[in-house]
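**Q** Build the 3D model from these lines:
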Amino acid sequence: MTGHTLARLPEQAELDGAIRAAGLKVTSPRVAVMRALADLPHSGAESVFAAVRHDLPGTSLQAVYGVLAALTEAGLVRRIEPAGFPARFERRVGDNHHHAVCSGCHSVQDIDCAIGEAPCLLPSDDSGFAVHSAEVTFWGLCAACQAEAAA
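**A** The predicted structure is shown next:
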């Protein structure tokens, strides 16, 4: 085994355990997608596909969409849909965080919820809904785009 392979063994066991605990069968595409999202949070399906196709040459973009759907349904991945953008995916689940989207470069960053528990915002009129979460998207320019604009 190479040093690179040895370094991935604990991560592999952790990923396998998380996938099994979610009630899913451990497959190479599921593990590869989870790894890709650890390295590339807030990625779209096409970016995930580009990241995994070297290790999984027989996979397709449609297969990646299927894996992302299964992982999202199982609660291992969160799907976010900023207005005007294709869906993006992340592994940060189980908390009530929000996102900031750069209107220049379209990067997405996590923003922790001020309260920490869902829902961190309550509507003035819930229209009879039992609110369980709130999504907030902050739009603006990231630090790099601000610096570029100033230069």
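**Q** Skipping adjacent residues, who's closest to the residue nearest the centre of the chain in space?
**A** For the chain, the residue sitting closest to the mean C-alpha position, by C-alpha atoms, centre = their mean, is Glu90 at 0.7 Å. Closest residue in space to Glu90, ignoring its immediate chain neighbours: Pro41 at 4.5 Å, by C-beta to C-beta, 6 or more residues apart in numbering. Glycine gets a C-beta too; all of them are placed from N, C-alpha and C.
**Q** Ok, Arg78 next?
**A** According to C-beta to C-beta, 6+ apart, the nearest residue to Arg78 is Val93 (4.8 Å).
**Q** Likewise for Val136?
**A** Here the residue nearest Val136, using C-beta to C-beta, 6+ apart, is His98, at 4.1 Å.
**Q** on that earlier part again, surely the residue nearest to Glu90 is within a strand?
**A** No - applying DSSP: H, G, I helix; E, B strand; the rest coil, one finds Pro41 to be coil, outside a strand.
**Q** List of residues touching stretch 22-39?
**A** The contact list for stretch 22-39 (C-beta atoms under 8 Å, 6 or more residues apart in numbering) reads 11-12, 15-16, 18-20, 43, 47-48, 51-52, 55-56, 59, 63-64, 67-68, 70-71, 74-77, 89-91.
**Q** What segments of the chain are strands?
**A** 78-80, 88-90, 98-102, 108-111, 137-140 (DSSP state E).
**Q** Show me what the last one is packed up against.
**A** For strand 137-140, the contact count by 3 or more C-beta pairs under 8 Å, 6 or more residues apart in numbering; DSSP states H and E identifies strand 98-102 as packing neighbours.
**Q** okay but Leu68 is in contact with Glu90, surely?
**A** No - taking contacts as C-beta atoms under 8 Å, Leu68 lies outside contact range of Glu90: 10.8 Å.
**Q** quick one: common contacting residues for the two?
**A** By C-beta under 8 Å, 6+ apart, Leu68 and Glu90 have these common neighbours: Val77.
**Q** looking at this structure, which helix or strand is least sure?
**A** Across the helices and strands of the chain, mean confidence by mean pLDDT, DSSP states H and E is lowest for helix 3-21: a mean of 73.
**Q** Can you check the pLDDT for Leu122?
**A** At Leu122, the pLDDT value in this model is 74.
**Q** Equivalent analysis for the one 10 residues further on, please.
**A** The pLDDT attached to His132 in the predicted structure is 78.
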